[in-house]
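Q: Predicted model and sequence below, questions to follow.
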Amino acid sequence: MTTTLNRPAASSHSAPKRALIERLNIFTALALGVISAVVIWRLALQFLPQDSEEAIFFNREDKITLLSMIAWFIGFMTGIGALIGPFRWLMGKDLSHDENMFYAGKDMGVKRYFRYTTDHKVVGIQYLVVTVVLFFIGGVLAMLIRTNLGNPEGGWIHPQAYNAIVGTHGIIMIVATIIMITGPFGNFIMPIMIGARDMAFPRLNALSLWLVVAAAAPILWGLAIGGIATGWTAYNPLASQAPLGQNGYIMFICIFAISTMVAGANITTTVIRMRAKGMTWNRTPIFIYGVVASVALALPAFPVFFLSQIMSAMDRAVGTSFYDARHGGSGWLYENLFWLMGHPEVYVILLPAVAALMEMAPVFTRNPLFSFNIAVMGIAGISGLSALVWAHHMYMSGWAPLLNIPFMLTTELISIPTGMLFLVLIGTLWRGRLWVTMPMASVFALLWNFMIGGVTGIYLSDIPADAFLHGSMYVTAHFHYTLMGAGLTGAIASLVYWFPKMTGRIFDAKLSWISFWMVQIGFQIAFMGMFIVGLAGQPRRVEGYAETFNTGNMVTTGGAYLIMSGMLVLLYALIYSWRNGEKASTNPWHSKTLEWTVANPIPLENFDVLPTLTTDAYGYGKEIR
Amino acid sequence: MSVDKSGVRQTTWWKKKDVKQTALIWIILTPILGYFSTEVQVRSMGAPASEIMASTINLMRIFTWTAAPVASLVFAMAGTILLSKSFYGNTPPPEVEVGYTNSPRANALWVVVSAVLCLFALVVGMVAVQRDSATLTDATAMEIKVTGQQWVWSYDYTDGSGVRSEVLYLPVNKPVVFHVTSVDVKHSFWIVQMGIKIDANPGYITETAVTPNKIGVFDVRCAELCGLLHAYMQNKVHVVSQADYDAWIKAQAKLEAATA
């Protein structure tokens, strides 16, 4: 039984006095994680046999590092209290109602944000903080990259450190963008938006969050022992000869994949089973479709990623040869496994962002969503096709030249459902009454950025053009236009839009505008410059480059500094508004979705009486069909 | 003028002010956007040194001119919306009078046009693929084995001279097939100005082919992250006349015999 279903009339609760579950929090988790890692590291150092002759690289050190990281992971999850529920259930003594209420963070004040709390609103805020921290780390790394590239000879970072920074920036940003919408808003807003009291599996919800936190440590740890010198793709056999930091990547991905699968199962179940009475599929807000498509895509994609990294770890640590051509393996195997995850994954990032802006467009134009069915079809079409396009990342790999044309076909077909998303957005804005706010401006920014990202994507999907552009800075600029220009723009707009509901305060409008313009202008400067050096022939992930690319790189670096300054303004605005922002009314945007009907601050289980719907949330104006 | 179902007199859709405005912006924007995006891209790509690169540049031109009207239409509609009356402040403007939730005609038109454009892109791409791969099966082509190794390229001339070089010399206007492999990790063999690229995989041989058609010195770069000095894994390809090439290969062969 979950807490959401057992609601006694009067709750005179008192948690058991200083029971174990009350003592566990993030600090015990960190302590136990570190202690376990150190103990296992010492033991492994003592007892693991020396490498045999066949070991080509540092197998023993890999084993020690991996074992310590696994120990950290188990220690951390035990310390946070993730195992108490399953353990108690195993002993036949499941959690009592009071304990469940304690888990949900009832009357716990600010402490509940530092522990294994099951309330979806707490998890949403925790995800928001984790996302901001990851973006901050990734952003600082991006600045190091751009600063180094201000000078053609490479400048002041050692090539090994530079490669490590590039790889770490890549994977941290990928993970941050994967969780940036489904994490904070999918957890905080989504259940209220569908009229539920919590997620279907509140404990799994907390589990998915703390797995991300546990996963973040190995990657930072890895940075200290050589980093990820392989780019975020971690291609083999390069990854099997990379420094020990590569184990951080492997552990990071394995733990994060579990988190994504858990979250995916949870969100999908919640949306299918727990929508309010009357919320038929036709009346379910489009944002929900975006979130569900995102996690449903991740469900089959991430197990493949998990597997690919387990095999990578085995190649490194125990001398298997899944990816080693000298002993019967193949690097192409890794590439296939990686991109089987890697291509759906970009839509995991993109779809919820576009869907969030689709949710906002009607609110800020006071106009109904245009062609709901086409919007759903677009999201579904992209999701379906995205599973069939992975090998367009491998046109030039030589793996299966005869498959290039079929993959070109499926890739270019994606432009049709993508066009549908444009139709819905532009149709919603058309003849609306424009309410000029920062989220509204973000819809226009998305139209601009996603158009450029999409069109350059069509060039790249074309085999002869890809023969020139593949592996160049053009590709880097292209996916920044889609993931950052479209994805992150949507996430920042979501933050401003849903901030009043999440914190009870209005996000400072002036600062959000300043940040918006700095980020968007800096973004155009940075990545237009990058397109040009890519077309001129600069490969990606390089630490130095030919003199001719100097101007383009200087422009990009300048733009990047403007983006970072804008992001720092946003961070300041976030902290400032959270502490001192103007108090928000229940429905400051006069929106029609359910989350705006609950009072600020939102009560523990959201609704006293579960709502019943009779229409969709887009009933603006007199309807003409 | 026409009268709709509810009896309201309506202007025909193409005579409405916002439609006219969109059309105007669209007509002005399309050539500007098309011209500038094409020129910026094509100029950045530089002068081609092979038929394949020339055709790739042409492809970029075709795609950009195809995309320009589509992008311009979206931007023109967005621009028209931005130019319409906007509302500021903390309270929302009143809701629209009539909310259009659908337009089957617009939906159908949009999907059909995007499908046609998609088909067009596909056909153009397939034609180019066929043309580019013709060199691969050319019986008159010379063959060179390319080996990637952290962080140098080396070239074996398999025409009987037995020359192995770290600089690539090619005779102009003669088709050449590259058999590419690697001894350690994955690299990617990219002759920038000739528009060809293929990965060098350890344990496997991949192929690509080109006919250089311009005398000069061009760039070979590694396009796949291959470790510490990936950025510097590049050298030059010298395209020379047949006579110069013969002289070079003779000198190389002599040099190798002397050092052997």
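A: Yep, that arrived.

Q: Which pLDDT value goes with residue 11?
A: You didn't say which chain, so I picked chain A. You'll see residue A:11 listed with a pLDDT of 44.

Q: wrong chain, I was asking about chain B
A: Residue B:11 carries a pLDDT score of 73 in this model.

Q: for whatever residue of the stretch 401-550 of chain A ends up closest to chain B, what are its contacts?
A: Here the stretch 401-550 of chain A gets closest to chain B at one residue, residue A:471, 3.1 Å apart by Cβ to the nearest Cβ. All C-beta atoms are positioned from the backbone trio N, CA, C, and that covers glycine. Contacts for residue A:471 (Cβ atoms under 8 Å, 6 or more residues apart in numbering or on different chains) come out as A:396, A:539-540, B:188, B:190, B:197, B:223-224.

Q: try 6 Å this time
A: The contact partners of residue A:471, by Cβ atoms under 6 Å, 6 or more residues apart in numbering or on different chains, come to A:539, B:188, B:223-224.

Q: And residue B:157, by the same measure?
A: residue B:163.

Q: looking at the sheet around it, what are its partners?
A: Assessed by DSSP bridges, residue B:157 has beta-bridge partners residue B:144.

Q: hang on, residue A:423 in a helix?
A: Yes. Per DSSP: H, G, I helix; E, B strand; the rest coil, residue A:423 lies within a helix segment.

Q: Just give me the neighbour total for it.
A: Residue A:423: 23 surrounding residues under other Cβ atoms under 10 Å in any protein chain shown.

Q: Give me the pLDDT value at residue A:479.
A: Here, the pLDDT recorded for residue A:479 equals 95.

Q: distance of it from residue A:531?
A: Shown here: residue A:479 relative to residue A:531, a distance of 12 Å by Cβ to Cβ, to the nearest Å.

Q: quick revisit: next, give phi and psi for the residue of the stretch 401-550 of chain A closest to chain B.
A: Recorded main-chain torsions at residue A:471 are phi 70, psi 10, according to degrees, to the nearest 10.

Q: Just give the nearest non-adjacent residue to it, would you?
A: Nearest non-adjacent residue to residue A:471, counting by Cβ to Cβ, 6 or more residues apart in numbering or on different chains: residue B:223, 3.1 Å away.

Q: re earlier: so between residue A:479 and residue A:531, which is more surrounded?
A: The residue with more neighbours, out of residue A:479 and residue A:531, is residue A:531; 26 against 19, by other Cβ under 10 Å.

Q: then the helix or strand hosting residue A:418 to PDB, C-alphas only?
A: Secondary structure from DSSP states H and E places residue A:418 in helix A:415-429. Listed next in PDB are the C-alpha coordinates belonging to helix A:415-429 (Å, rounded to 0.1, in the frame of the first residue of the first chain):
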ATOM      1  CA  SER A 415      11.500  15.500 -40.800                       C
ATOM      2  CA  ILE A 416       7.800  14.800 -41.400                       C
ATOM      3  CA  PRO A 417       6.700  14.300 -37.700                       C
ATOM      4  CA  THR A 418       9.200  17.100 -36.700                       C
ATOM      5  CA  GLY A 419       7.400  19.400 -39.200                       C
ATOM      6  CA  MET A 420       4.100  18.500 -37.400                       C
ATOM      7  CA  LEU A 421       5.600  19.900 -34.200                       C
ATOM      8  CA  PHE A 422       6.300  23.200 -36.000                       C
ATOM      9  CA  LEU A 423       2.800  23.200 -37.400                       C
ATOM     10  CA  VAL A 424       1.300  22.900 -34.000                       C
ATOM     11  CA  LEU A 425       3.400  25.600 -32.500                       C
ATOM     12  CA  ILE A 426       3.000  28.100 -35.300                       C
ATOM     13  CA  GLY A 427      -0.700  27.300 -35.500                       C
ATOM     14  CA  THR A 428      -1.200  27.900 -31.800                       C
ATOM     15  CA  LEU A 429       0.600  31.300 -32.000                       C
END
